[in-house]
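Student: Quick one, what's the 3D model for this:
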Amino acid sequence: MRLLLDTAALIWAVESPERLSRRAAAAIRNRQNLLELSSISISEIAIKSARGRLNISASQLLHALEDLDVRVLPVTREHAFRLFELPPHHADPFDRHIIAQALSEGIPIVSPDESFGFYKGLRVLW
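Tutor: Numbers count the residues shown, from 1 in each chain. Sure, this is the predicted structure:
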């Protein structure tokens, strides 16, 4: 099964796996699942690291992606246009992009963010 990891899920999987729910941890460990990370998450991590809100370097992130065998999902025009349809349940632009991608791709998102559950049709695994 394809799973889109949100930024927090990826960071927790690497830095503090005890913060993951049992269900999320099992899904991430299951090698039959295809784990994906939005390219938007890479931007989010880079921006927040530059501002001192995260302490993750590009090499650490690359290593994490390789360790977890995570594929990067690029943002497409379809993903971007899906943003026009999203109700304003969430103000974070990074999360909105990730939600739009998951909806466009028809794949579940692994996220601890409870507000993701407000989006009709979005399957959240946590």
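Student: need the contact list for Trp112.
Tutor: Rather than Trp, residue 112 is Pro. Asp6, Ala8, Ala9, Trp12, Arg19, Ser21, Ala24, Trp126 (C-beta atoms under 8 Å, 6 or more residues apart in numbering). No exception for glycine: its C-beta is placed from N, CA and C like everyone else's.
Student: Select from these the one having the most neighbours.
Tutor: Counting neighbours by other C-beta atoms under 10 Å, Ala9 leads those with 28 neighbours.
Student: Show me what the helix or strand hosting that one is packed up against.
Tutor: For Ala9, the element it lies in under DSSP states H and E is helix 7-15. Packing partners of helix 7-15 (3 or more C-beta pairs under 8 Å, 6 or more residues apart in numbering; DSSP states H and E): helix 22-29, helix 39-50, helix 58-68.
Student: Which residues does it contact?
Tutor: By C-beta under 8 Å, 6+ apart, helix 7-15 touches 5, 19-20, 24-25, 28, 37, 41, 44-45, 54, 56, 64, 67-68, 70, 94, 98, 110-113.
Student: In CSV, list the contacts of Pro112 along with distance to Glu105 and pLDDT.
Tutor: Output for the contacts of Pro112, formatted as CSV (distance: C-beta to C-beta, whole Å; pLDDT from 0 to 100):
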residue, distance to Glu105, pLDDT
Asp6, 14, 96
Ala8, 19, 96
Ala9, 16, 97
Trp12, 22, 96
Arg19, 25, 97
Ser21, 22, 97
Ala24, 19, 98
Trp126, 18, 96
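Student: Thanks a lot, catch you later.
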